[in-house]
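*Asks:* A predicted structure for the sequence below; I have some questions about it.
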Amino acid sequence: AFGHVAGNTDAGVVLSGRLERIDGSIVSFNGGEGISLSSSSATTVSGNTVFRNGGAGVGAHPHSDGVTVTRNNVFENAGHGIASESSTIVQLTYNTVSRNGLNGINILDTPGFAQAYFFAANVADGNGGYGIKACIVPVPGTTCAGGFVDGGGNSAQHNGSGEIQCLNINCAKNRGQARS
């Protein structure tokens with residue numbers, strides 16, 4: 001555990017190695033992302049409280065593969081709650097993402113990687129965009145395709161995306177309805 005990480009001008013915590021962990025920490029009031037994964041592999045982000053950071057709460061940047069993001073409470077960040085671009089989060093489970101400026105969970109990857117992602121039992125409420133948005137985009141500007149592994153139990157409501165709360169992942173209105 002890193003304890004309480006706060007007040008940095010950029011990211012609160014940056015992980016860029018193999019088999020790294022951050023768990024049970026509080027990461028808040030940083031100028032950039034709360035937790036930033038940069039070319040890290042087989043990293044675990046678990047049981048953290050991540051809030052009021054200037055970027056995403058948890059951000060996985062290109063080539064951060066084999067990552068597990070589980071049991072985190074991520075709220076009131078300026079960007080997405082949890083975001084991954086061209087990185088593979090192999091397990092995205094039991095997270096609560098709420099009141100983030102953009103999407104609660106935002107996944108963007110290229111063809112061939114959707115089956116590497118597993119979503120289950122996440123709660124996404126009151127975010128500025130979608131609760132959960134998972135997209136495979138082969139060419140910039142093309143349609144958002146799915147194909148992700150949906151383990152069920154995801155729920156979302158009161159997000160800014162309107163009637164469709166989750167894109168390419170099934171979400172019930174509340175956790176009680178989402179149980180599988």
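*Replies:* It's in.
*Asks:* which residues are contacting stretch 58-66?
*Replies:* 33-43, 45, 50, 67, 69, 72, 74, 79-90 (CB atoms under 8 Å, 6 or more residues apart in numbering). For the C-beta atoms, the positions are set from N, CA and C on the backbone; glycine is no exception.
*Asks:* lowest-confidence helix or strand of the chain?
*Replies:* helix 175-178 (a mean of 55; mean pLDDT, DSSP states H and E).
*Asks:* ok so, going back, please check the contacts of stretch 58-66 and keep the buried ones.
*Replies:* Neighbour counting by 16 or more other CB atoms under 10 Å classes 33-38, 40-41, 43, 45, 50, 67, 69, 72, 74, 79-85, 87-89 among these as buried.
*Asks:* Could you tell me which of those belong to strands?
*Replies:* 35-37, 45, 50, 67, 69, 74, 82-85, 88-89 (DSSP state E).
*Asks:* Just put those residues in a markdown table and tack on pLDDT and distance to Asn168.
*Replies:* Formatted as a markdown table, these follow (pLDDT from 0 to 100; distance: CB to CB, whole Å):
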| residue | pLDDT | distance to Asn168 |
| --- | --- | --- |
| Ile35 | 98 | 24 |
| Ser36 | 97 | 25 |
| Leu37 | 95 | 22 |
| Val45 | 97 | 22 |
| Val50 | 98 | 24 |
| Val67 | 94 | 19 |
| Val69 | 97 | 17 |
| Val74 | 98 | 20 |
| Ile82 | 98 | 15 |
| Ala83 | 96 | 15 |
| Ser84 | 94 | 14 |
| Glu85 | 90 | 15 |
| Thr88 | 81 | 16 |
| Ile89 | 79 | 14 |
